[in-house]
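**Student:** have a look at this fold, sequence not included:
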């Protein structure tokens, strides 16, 4: 990202251990070109540290020697820091939104499954009620059938007695 930012200064940028911008120009710093030496190093858990030196051709940029140019360079580097921080936060937002979207989909799936289970429960409760009614009807039919059987048994018994009495 820093190399890309240095290219805005219209210089030739090379990247080894030190990122070097050759013959850079910034209208706010005058007509002369300058070189930029930079080093990106791990600083803390929070990020990296960017060390930058501007070589103006005869001296390095400093607040004491170049009070009129230093704020321009500082603004350039600070602007990069703001852009980089926004980029990192934007990526974090993107990742978080994807995770959120996945969680929302999971929740929708869980809600759908719950509705399905509730529907299954209602269907099973209805089947249970129907089975209870069928059991009641079955018990009534058994009672009726037992009465019919007793009636037939009585008839058979009467006929057996009648058969014995025939002589």
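**Tutor:** The structure has been received and is ready for your questions. As the structure is a prediction and not an experimental result, all values here were calculated from the model.
**Student:** list the buried residues in stretch 101-116.
**Tutor:** When neighbours are counted by 16 or more other CB atoms under 10 Å, no buried residue of stretch 101-116 is found. No exception for glycine: its C-beta is placed from N, CA and C like everyone else's.
**Student:** strand partners (parallel or antiparallel) of the longest strand anywhere in the chain?
**Tutor:** Ranked by residue count under DSSP state E, the longest strand found in the chain is strand 34-44. Take DSSP bridges as the rule and strand 34-44 pairs in its sheet with strand 19-24 (antiparallel), strand 47-55 (antiparallel).
**Student:** could you dump those to JSON lines with mean pLDDT and mean neighbour count?
**Tutor:** What follows is those, written out as JSON lines (pLDDT from 0 to 100; neighbours: other CB atoms under 10 Å):
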{"stretch": "strand 19-24", "mean pLDDT": "86", "mean neighbour count": "19"}
{"stretch": "strand 47-55", "mean pLDDT": "87", "mean neighbour count": "15"}
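**Student:** let me have these in a markdown table, extended by distance to residue 98.
**Tutor:** Listed next are these as a markdown table, based on distance: least, CB to CB, whole Å:
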| stretch | distance to residue 98 |
| --- | --- |
| strand 19-24 | 32 |
| strand 47-55 | 22 |
